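A.B. asks: 3D model of this:
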Amino acid sequence: MFTEEHAAESESHWVAMSDLMAGLLMIFMLIAVLFVVVIEHERNKIRNVALIYQRLKLDLHTSLYAEFKDDLPRWGATLSDDASIRFNNTDILFDRGKAELKTEFQSILADFFPRYLKIITDDDFRGAIEEIRIEGHTDSGWDNALDQDDAYVKNMALSQARTRTTLAYLLALDQVLVQQEKQWLKAHLTANGLSSSKLIYTKNHEENSAQSRRVEFRLRTNAEARIAEIIEGIQ
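C.D. replies: Numbering: from 1, shown residues only. Purely as a prediction, here's the structure:
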């Protein structure tokens, strides 16, 4: 028989359950709020890192331009917004199909590289430099190639050989700074042959063969690694 005592017990049971559910809901809400706060904090950290490295690239560009603005035209070189330097006067780089540096390009590199090294090893930039990439690029052609794939593979071997030759020449320079920074260079300076994978095109979207044959010095910072560390820390 259902009595007033049973009713009171039942009501007390549901009150306790509702209090428990309310408490659990409050805990879940607090966890959700904390999670949002943490995510927003880490997002701000990533944004700050991106801004720092954006400023770093701008400062690098400014320093490189101040140093080389008068030399770039006579070298047949250009400075890009991302602080990469492109040597694209094919008449002075290499003989067609060869990997040996021409004498004029050797002279340019002997003038350019120690000054370039002085800038990127400055305290303002040194710690952020992950890699100094020597990139070799070709056009898409190759005399007597069997097909486009054959031309691409042959140009890959050529571009790789050219960047290795360039790297070896730079490491052998007898300027004091190059020799002092030899170990740092071995840890950061790389040779990258890219064949015709990054062609230069005219405004009419046609391949610019002369501009495509080039050597670039491109800097890669450790911004990506720092952002990856932040993301890994919140997973």
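
A.B. asks: show me the strands in the chain, by range?
C.D. replies: In order along the chain, the chain carries the following strands (DSSP state E): 77-79, 85-87, 129-137, 189-193, 214-221.

A.B. asks: in JSON lines: the ones you listed, plus distance to Y65.
C.D. replies: Every C-beta, even on glycine, is put in place using the N, C-alpha and C of the backbone. Conversion of those to JSON lines gives the following (distance: least, C-beta to C-beta, whole Å):
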{"stretch": "strand 77-79", "distance to Y65": "6"}
{"stretch": "strand 85-87", "distance to Y65": "10"}
{"stretch": "strand 129-137", "distance to Y65": "18"}
{"stretch": "strand 189-193", "distance to Y65": "22"}
{"stretch": "strand 214-221", "distance to Y65": "14"}
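
A.B. asks: who wins for proximity to K98 among the ones you listed?
C.D. replies: strand 129-137 (12.4 Å; C-beta to C-beta).

A.B. asks: and that closest one, which strands flank it?
C.D. replies: In the sheet containing strand 129-137, its partner strands are strand 189-193 (parallel), strand 214-221 (antiparallel), by DSSP bridges.

A.B. asks: and the contacts of the longest one?
C.D. replies: Same thing as strand 214-221. 53, 56-57, 60, 82-88, 90, 93, 116, 120, 128-137, 162-163, 166, 200 (C-beta atoms under 8 Å, 6 or more residues apart in numbering).

A.B. asks: now do the first one
C.D. replies: Outside strand 189-193, the residues that touch it by C-beta under 8 Å, 6+ apart are 131-136, 156-164, 166-167, 170-171.

A.B. asks: which of those are buried, as a PyMOL select command?
C.D. replies: If you want just the buried ones from the contacts of strand 189-193 in PyMOL, going by 16 or more other C-beta atoms under 10 Å, the selection is:
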select buried, resi 132+133+134+135+136+156+158+159+160+161+162+163+164+166+167+170
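
A.B. asks: correct me if wrong: Q148 contacts G141.
C.D. replies: No. Here Q148 does not reach G141: they are 9.5 Å apart, not a contact under C-beta atoms under 8 Å.

A.B. asks: would you turn the strands of the chain into a markdown table with distance to H205 and mean pLDDT?
C.D. replies: Below are the strands of the chain laid out as a markdown table (distance: least, C-beta to C-beta, whole Å; pLDDT from 0 to 100):
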| stretch | distance to H205 | mean pLDDT |
| --- | --- | --- |
| strand 77-79 | 21 | 97 |
| strand 85-87 | 20 | 97 |
| strand 129-137 | 18 | 96 |
| strand 189-193 | 25 | 98 |
| strand 214-221 | 19 | 94 |
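
A.B. asks: any idea which of those gets closest to A66?
C.D. replies: Taking C-beta to C-beta, strand 77-79 is the member of the strands of the chain nearest to A66, at 10.5 Å.

A.B. asks: so who does L60 touch?
C.D. replies: For L60, the set of contacting residues under the criterion of C-beta under 8 Å, 6+ apart consists of A83, I119, I120, F125, L219.
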